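> Just a sequence and a predicted model for now, questions to come.
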Amino acid sequence: MIGFWLAHLLMRRDLLAPMIGELLSALAGGDLEVRIGGVYPLSGAAQAHQDLISRRTTGKLLLDPSL
């Protein structure tokens with residue numbers, strides 16, 4: 001079996017910190033693209049959830065309390 005157990009990984013800072021460092025470096029270097037599929041006001045969380053479960057979205061959805 002190949003994989004990892006997230007709960008175990010989160011308790012192991014010695015393993016987690018280097019991985020997070022690599023991820024942040026890749027983001028900063030432009031090697032990863034984060035697709036924002038929509039921005040909803042915090043009061044629109046129910047609509048964002050409905051859009052997710054009905055598969056009307058792509059990318060990540062953001063809830064913005066300032067909207």
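Cool, the structure landed.
> how much space between Leu24 and Pro65?
24 Å (Cβ to Cβ, to the nearest Å). Quick note: C-beta positions are derived from backbone N, CA and C, even for glycine.
> Compare neighbour counts for the two and give me the winner.
Neighbour tally, Leu24 and Pro65, criterion other Cβ atoms under 10 Å: the higher count belongs to Leu24, 11 against 7.
> hang on, the more buried one in a strand?
No: if the criterion is DSSP: H, G, I helix; E, B strand; the rest coil, then Leu24 is helix and not within a strand.
> Relative to the whole chain's centre, how far out is the helix or strand bottoming out on mean pLDDT in the chain?
Lowest by mean pLDDT, DSSP states H and E among the helices and strands of the chain is helix 6-11, with a mean of 80. Here the centre of helix 6-11 is set off from its chain's centre by 17 Å, with Cα atoms, centre = their mean, to the nearest Å.
> check contacts around Leu15.
Residues near Leu15 by Cβ atoms under 8 Å, 6 or more residues apart in numbering: Leu9.
> Can you give the distance from the helix or strand containing Gly21 to the centre of its chain?
In the assignment (DSSP states H and E), Gly21 maps to helix 13-28. Relative to the chain's own centre, helix 13-28 is displaced by 14 Å; criterion: Cα atoms, centre = their mean.
> again, but for stretch 60-67
On Cα atoms, centre = their mean, the centre of stretch 60-67 falls 13 Å from that of its chain.
> now swap in stretch 21-31 and tell me
The chain centre lies 14 Å from the centre of stretch 21-31; the measure is Cα atoms, centre = their mean.
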